[in-house]
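Engineer: Got a sequence here, can you model it:
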Amino acid sequence: MSGKPDPVEPPYIAPNASSAGTIVIAVMITIGALRLGRDLLLPVVLAILLGLLLSAPVRGLRRWRIPERVGAALVVFGALGIAIGAGALLVNPATQWISQSPRAIQKINAKLKGVTQPIAKLGETASQMGTVSTSDAASVKIEAPGLVERVTMQGLQAIPVILSVVFLTYFLLASGPMFRRKIAKIYPGRHDAARLESILSEIELVTSTYLATTTMINSVVGVLTATAMWAVGVPNWPLWGALAAVMNFIPYLGPLVTVSAISLASFATFDQTSHAMIAPALFLVIHLTETNFVTPTLLGRRLPVNTLAIFMGLLFFGWMWGVPGAVIAVPLTVVLKVACDHLPALHDVGELLGN
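Structural biologist: Residues are numbered from 1 along each chain as shown. Okay, here's the model as predicted:
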């Protein structure tokens, strides 16, 4: 037996502890940068997603020997013209609804007062309810002009952002796959470059398929909603169809906002409660049919993220970038999932997001 002391074992250090800490710090810094750089990054992200959506028509024109710059101009500015035309058609209904909203809210308040007054008598007097109703109506009358001014000001402030998105989208489409090849060449080695280009190609394919299919579905939902509102007799029916189409890009919350707005418009229009319930009921039928039958049939397994991932992406991007972030939350979550599937370090995250 030797007199040498037993060797002291070094303290146990969990494997990859330092790398895990580095990843956490990098993620936190990235989230902070994305939130602080909203004004710069959001137009770029919107342009990339629009480029993915419009890339198929540009490729189709290229097969007819139309240069990519010319095809990109035709597609981008053609789509812009259609959007401006649709917006011009909605200006009159939107202005009319905003101008009539104080009277509509007073009418709804009167109906709600008639329903809630018997219950409110248990704790409050009828005179107190009348005071609250009168003050609410007065505040609506005073704030209505301010609402129009705020909407106009926000619309003017959005013009530079819209122009930035339009021209960024054009340059991305006009350059073709050049940027994808250049990004792939940043990584050394042919194998890495080819692998990265394969990842970018799959991201483009999955995302463009999702965007094109979802845009088609939501457009049909908007047309059906507008037709249903016209058939029932709800005024400004093009406005409610456009609202349904746009808000349907936001899972869960979008249809809730739409059915609430349609309910308010219907209750402000019709005196009978049974008649007023027809419009929101028709929209719910359209929404449930689209959600449970149409979207699963057309998208199916081509949407590789699960329901929880969609909801978490909605919360995250909505918190980070507001309403625009909520609109683009699902395609961004799809991009994140496909990228994680191809990166070994993030493979577990991709598995967690998977369908």
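Engineer: contacts for stretch 164-181?
Structural biologist: 43-44, 46-48, 50-51, 54-55, 58, 68-69, 71-73, 75-77, 80, 197, 200-201, 204 (C-beta atoms under 8 Å, 6 or more residues apart in numbering). From N, CA and C alone the C-beta is placed, and that goes for glycine too.
Engineer: quick one: pLDDT of L156?
Structural biologist: pLDDT, L156: 73.
Engineer: Quick check: which element contains it?
Structural biologist: helix 126-174 (DSSP states H and E).
Engineer: just P251 next, same as before
Structural biologist: Here P251 is assigned to no helix or strand, by DSSP H and E.
Engineer: any idea how far V323 is from I159?
Structural biologist: 17 Å (C-beta to C-beta, to the nearest Å).
Engineer: And stretch 30-48, what's buried?
Structural biologist: 34, 42-43, 45-48 (16 or more other C-beta atoms under 10 Å).
Engineer: can you list the weak-confidence ranges in the stretch 51-200 of the chain?
Structural biologist: Scanning the stretch 51-200 of the chain for pLDDT under 70 picks out 98-152, 154-155, 180, 183-193.
Engineer: at 80 what do you get?
Structural biologist: Low-confidence segments of the stretch 51-200 of the chain (pLDDT under 80): 91-158, 176-200.
Engineer: helix or strand right after the host helix or strand of L200?
Structural biologist: Assigned by DSSP H and E, L200 belongs to helix 190-232. Next helix or strand after helix 190-232 toward the C-terminus (DSSP H and E): helix 237-247.
Engineer: In stretch 256-273, which residues are buried?
Structural biologist: Buried, per 16+ other C-beta under 10 Å, within stretch 256-273: 258-259, 261-270.
Engineer: which of these lies closest to N248?
Structural biologist: T258 (7.4 Å; C-beta to C-beta).
Engineer: which stretches of the stretch 1-150 of the chain form helices?
Structural biologist: All helices of the stretch 1-150 of the chain, identified by DSSP state H, counting those that start in this stretch, fall at 17-36, 38-63, 68-120, 126-174.
Engineer: Between helix 38-63 and the first one, find me the angle.
Structural biologist: Between helix 17-36 and helix 38-63, the angle formed by their directions is 90 degrees, by axes from the mean of the first three to the mean of the last three C-alpha atoms, to 10 degrees.
Engineer: which residues sit against helix 17-36?
Structural biologist: Residues from elsewhere that reach helix 17-36, judged by C-beta under 8 Å, 6+ apart: 41, 320-321, 345.
Engineer: Between all of those residues, which two are separated the most?
Structural biologist: Farthest apart among those - using C-beta to C-beta - are W321 and A345, which lie 25.8 Å from each other.
Engineer: Of the two, which one has the most company?
Structural biologist: W321 (22 against 10; other C-beta atoms under 10 Å).
Engineer: wait, what's in contact with the more buried one?
Structural biologist: 34-35, 38, 42.
Engineer: measure I328 to F316 for me?
Structural biologist: 12 Å.
Engineer: the more surrounded of these two?
Structural biologist: Applying other C-beta under 10 Å to I328 and F316 shows that I328 carries more neighbours, namely 23 against 17.
Engineer: Quick check: nearest residue in space to that one, chain neighbours excluded?
Structural biologist: With C-beta to C-beta, 6 or more residues apart in numbering as the measure, L49 is the residue that lies nearest to I328, at 5.9 Å, once sequence neighbours are left out.
Engineer: Quick check: the one you found touching A329?
Structural biologist: No. Using C-beta atoms under 8 Å as the test, L49 is too far from A329 to be in contact (11.2 Å).
Engineer: Looking only at neighbour counts, state which of these two leads.
Structural biologist: A count of neighbours by other C-beta under 10 Å puts A329 above the other of L49 and A329, at 24 against 20.
Engineer: right, and the more buried one touches F317 too?
Structural biologist: Yes. Counting by C-beta under 8 Å, A329 does reach F317; the two are 4.0 Å apart.
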